[in-house]
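*Asks:* got a sequence here, can you build the structure:
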Amino acid sequence: MSKIVLVTGANAGIGYELVRLIAQKGHRVYLGARNDASGQDAVAKLKQENLDVKFVRLDITNTESIKSAKEVIEKNEGKLDVLVNNAGVAEFGKEQNATKADISAIRNCVEVNLIGLIQANTTLLPLLRASSQAVILNVSTDMASNTLQALPEAQLHCVAYNTSKAAANSYTIALGHELRKEGIKVNAVTPGFTSTKLNFFGKGGKTPTQGAEVLLPWALLDKDGPTGQFIDENGNPIAW
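*Replies:* Just a heads-up that it's a prediction; the model follows:
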């Protein structure tokens, strides 16, 4: 059965490739992006592959923008089967040492990675409730695992990014509990280290397509799939 899917922050990187992979499976995908030009350009490229992809302007830090995107999808489809919360920032170019962290970087990461995520979920929830097979996928990172980061050998203690993503994981747990009785699947999945604009195309990572392939089965999870899980790049549960 064809699904209606929304991927946020999808004009480039993992989000863009995930839109492509989902559409290749025969689903209709709304490519969410806050910039009209880049979003429309991304959709135009995907349409050249005869994929069922539509652009919707969506800035998750702006409540009116989220409401407007909801109205567009509601008018066109009447429901939303899958919400992939991919939009995020890292601020790796700013100081993130715990003793001297750049407060502006922390504020921006929290605003996008946590508050924006919550706003998107709560605003779009009525459309997900209209589906008989709803899935929410929050794109996370293994750097958000407090258990792993607490190990003596752990590295990359990026306070702005890690803290905001760990908080988003905490919200995922709460949301999963609230929606379990309604049959809505809620999971956090890390694609693993992937070379994208987010990390200045760091060397040695997965390609965006490879990162998207990790997320794909969790976006298209069936109604009997697991919920309330934090999943690693190999598809296994990871410690919160």
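*Asks:* ok, residues contacting stretch 49-57?
*Replies:* By C-beta atoms under 8 Å, 6 or more residues apart in numbering, the residues outside stretch 49-57 that reach it are 6, 19-20, 23-24, 26-34, 36, 39-40, 42-43, 46-47, 65, 68-69, 72-73, 76. In this view, the C-beta of every residue, glycine as well, is placed from N, C-alpha and C.
*Asks:* can you tell me the centre-most residue of the chain?
*Replies:* By C-alpha atoms, centre = their mean, the chain has its centre lying nearest to residue 86, at 2.2 Å.
*Asks:* the residue nearest to that residue when sequence neighbours are not counted: helix or strand, and which one exactly?
*Replies:* Computed as C-beta to C-beta, 6 or more residues apart in numbering, the closest residue to residue 86 that is not its neighbour in sequence is residue 15, at 4.2 Å. Here residue 15 is covered by helix 13-24, with elements defined by DSSP states H and E.
*Asks:* and the closest residue to residue 154 other than its chain neighbours, how far is that from residue 222?
*Replies:* Ranked by C-beta to C-beta, 6+ apart and with sequence neighbours excluded, the top spatial neighbour of residue 154 is residue 148, at 6.1 Å. Residue 148 is 29 Å from residue 222, where distance means C-beta to C-beta, to the nearest Å.
*Asks:* ok so, going back, now do the contacts for the residue nearest to residue 86.
*Replies:* Taking C-beta under 8 Å, 6+ apart, we find residue 15 in contact with 7, 8, 9, 31, 84, 86, 87, 212.
*Asks:* residue 142 reaches residue 190, doesn't it?
*Replies:* Yes: using C-beta atoms under 8 Å as the test, residue 142 is close enough to residue 190 to be in contact (4.9 Å).
*Asks:* looking at the two, which is more packed in?
*Replies:* Between residue 142 and residue 190, counted using other C-beta atoms under 10 Å, the more crowded position is residue 190 (23 against 19).
*Asks:* distance of the more buried one from residue 18?
*Replies:* Applying C-beta to C-beta, the value for residue 190 to residue 18 is 14 Å.
*Asks:* ranges for the helices of this protein?
*Replies:* Taking DSSP state H to define them, one finds helices in the chain at 13-24, 36-47, 63-77, 103-109, 117-129, 146-149, 159-180, 208-219.
*Asks:* quick one: which of the contacts of residue 15 is most hemmed in?
*Replies:* Most surrounded of the contacts of residue 15: other C-beta under 10 Å gives residue 7, at 34 neighbours.
*Asks:* spit out the contact partners of the nearest residue to residue 139 once chain neighbours are set aside.
*Replies:* Distance criterion C-beta to C-beta, 6+ apart; nearest residue to residue 139, sequence neighbours excluded, is residue 86 at 4.7 Å. With contact taken as C-beta under 8 Å, 6+ apart, residue 86 is in contact with 7, 8, 9, 10, 14, 15, 18, 139.
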